[in-house]
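Chemist: This is a predicted model, with the sequence first.
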Amino acid sequence: AEVLKAVGSAHSETPANSIRGATHLLFHGADDVVKIARGTYQLAHFAEADAAETVAQDEAVATAPVTINADAPNAASVSEQAFYASFAEWLEENDEVTIAGPLGGSVLGGKWGTPDVMGVLKPRAQDIFKFEPQIVTAEIKATPSQPVVAFGQAVAYRLFSHKSYIVVPRTTTSDDMNRLTSLCSIHGVGLVVFTLDIDQPDYGVVVLPAIASPDMFYVNTMLDRLKASEPRLLNRLF
């Protein structure tokens, strides 16, 4: 509406319907204009700039080494990314999904970030009741001091997923864990704890996720980005 008013004021000789039609074609057909929400458009280079900081932060956190047993003489370190594949396997083994795979980094771009793990629960051939596929996402944090960040991202993923998980270390402080447990219970986000051991992460459920109804606009936006960046994973999942 603001664009229509601005163009109409600058070119009063042009019929309003012509302006509306041309603007509609511009928003939907221009390569340098992207739709970032329902009824909201932005020049692509501004949208990319807005997302750049979030993408950089996600990548930095995912690859940052986390020290294990800092008091031990031979203290080791591990990165968050090291647990993506094992949690995807855990989701499959516990029948939370039919198939899952690691994502992380900046695969999907955007300022809402990228889930560390994505999976899909699909009906099997022997299932009598054929349900619609359910998208499952997870945000993993190896750093115990980032529970609020993990919660914010997991809630954002509910825009395009039926179930969303937060996965945090068992070394998270009791105060943070209590608050995180309450927030997850209230908002329907799943909470899983794990041990900072690549070989035996020992995932355990604290709060089961509630099934949500994702927004189909964001579902398709996410799938378009996944198709552009990870087409093989998209084919595996869907």
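Modeler: That came through, no problem.

Chemist: In space, what's closest to residue 135 - neighbours in sequence excluded?
Modeler: residue 161 (4.3 Å; C-beta to C-beta, 6 or more residues apart in numbering). Where C-beta positions appear, they are placed from N, C-alpha and C, glycine not excepted.

Chemist: May I ask which helix or strand encompasses residue 118?
Modeler: strand 117-121 (DSSP states H and E).

Chemist: Need phi/psi at the residue lying closest to residue 162 once chain neighbours are set aside.
Modeler: Setting aside the residues directly before and after it, residue 162 is nearest to residue 134 in space (C-beta to C-beta, 6+ apart), at 4.0 Å. Residue 134 has phi and psi values of phi -120, psi 130 when expressed as degrees, to the nearest 10.

Chemist: Who does residue 134 form a beta bridge with?
Modeler: For residue 134, the beta-bridge partners under DSSP bridges are residue 121.

Chemist: check contacts around the residue most central in space within the chain.
Modeler: By C-alpha atoms, centre = their mean, the chain has its centre lying nearest to residue 115, at 3.4 Å. Counting by C-beta atoms under 8 Å, 6 or more residues apart in numbering, residue 115 touches 103, 104, 108, 137, 138, 139, 153, 157, 161.

Chemist: Just give the number of residues close to residue 44.
Modeler: 14 (other C-beta atoms under 10 Å).

Chemist: Any figure for the gap between residue 160 and residue 127?
Modeler: Plainly put, residue 160 is 24 Å away from residue 127 if you go by C-beta to C-beta, to the nearest Å.

Chemist: which one of these two has more residues nearby?
Modeler: Using other C-beta under 10 Å as the criterion, residue 160 and residue 127 rank with residue 160 on top: 24 against 9.

Chemist: Thought residue 225 was touching that one, still the case?
Modeler: No. Using C-beta atoms under 8 Å, residue 160 is not in contact with residue 225, being 10.1 Å away.

Chemist: which neighbours do the two share?
Modeler: By C-beta under 8 Å, 6+ apart, no residue touches both residue 160 and residue 225.

Chemist: What residues sit buried inside stretch 208-217?
Modeler: 209, 212, 214 (16 or more other C-beta atoms under 10 Å).
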